[in-house]
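K.L.:
Turn this into a structure:
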Amino acid sequence: MPMDTSPHTLHSLFDQLGLPSWEEAIARFVDDNGPLDADIELADAGFWNDSQRAFLKEAILEDSDWAEVVDHLDALMRS
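P.N.:
Numbering: from 1, shown residues only. Below you'll find the predicted structure:
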C-alpha cells in the first residue's frame, strides 16, 4: 500500500475523526466545545470517543504526520 503523502488539514483531521468536516461544522464544533481549560490536554477532553482520543494521543506522542494539525486544533480549542 502506498504511503499517504497528502497534506493533512483541519478538514482531513475532522474526516479522520469521523466528524463533519465542512468549515461551518468545524467552527460550530470549536464554539460548542471550547475553550478548553489550560490544565486539560486536548485528547483528554470529555467530548471525544475512545478511538478519537487514542488517535489524538498517538498523533502527538509519536510526532506523526498529524501532529501539526492536531496542535492547530488544540490552539483553536483554547482561543
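K.L.:
contacts, neighbours, all on C-alpha from now
P.N.:
OK.
K.L.:
burial of Ala59, as a residue count?
P.N.:
By other C-alpha atoms under 10 Å, 19 other residues sit near Ala59.
K.L.:
before we move on, what about the one 4 residues further on?
P.N.:
Asp63: 11 surrounding residues under other C-alpha under 10 Å.
K.L.:
where does it fall, helix, sheet strand or coil?
P.N.:
Secondary structure for Asp63, judged by DSSP: H, G, I helix; E, B strand; the rest coil, is coil.
K.L.:
now it: how far from Leu19?
P.N.:
22 Å (C-alpha to C-alpha, to the nearest Å).
K.L.:
so which helix or strand takes in the most centrally placed residue in the chain?
P.N.:
Compute the mean C-alpha point of the chain, and by C-alpha atoms, centre = their mean the closest residue is Val70, 4.5 Å away. Assignment of secondary structure by DSSP states H and E places Val70 within helix 67-78.
K.L.:
Return the list of helices and strands in contact with that helix.
P.N.:
Packing partners of helix 67-78 (3 or more C-alpha pairs under 8 Å, 6 or more residues apart in numbering; DSSP states H and E): helix 10-16, helix 23-33, helix 50-61.
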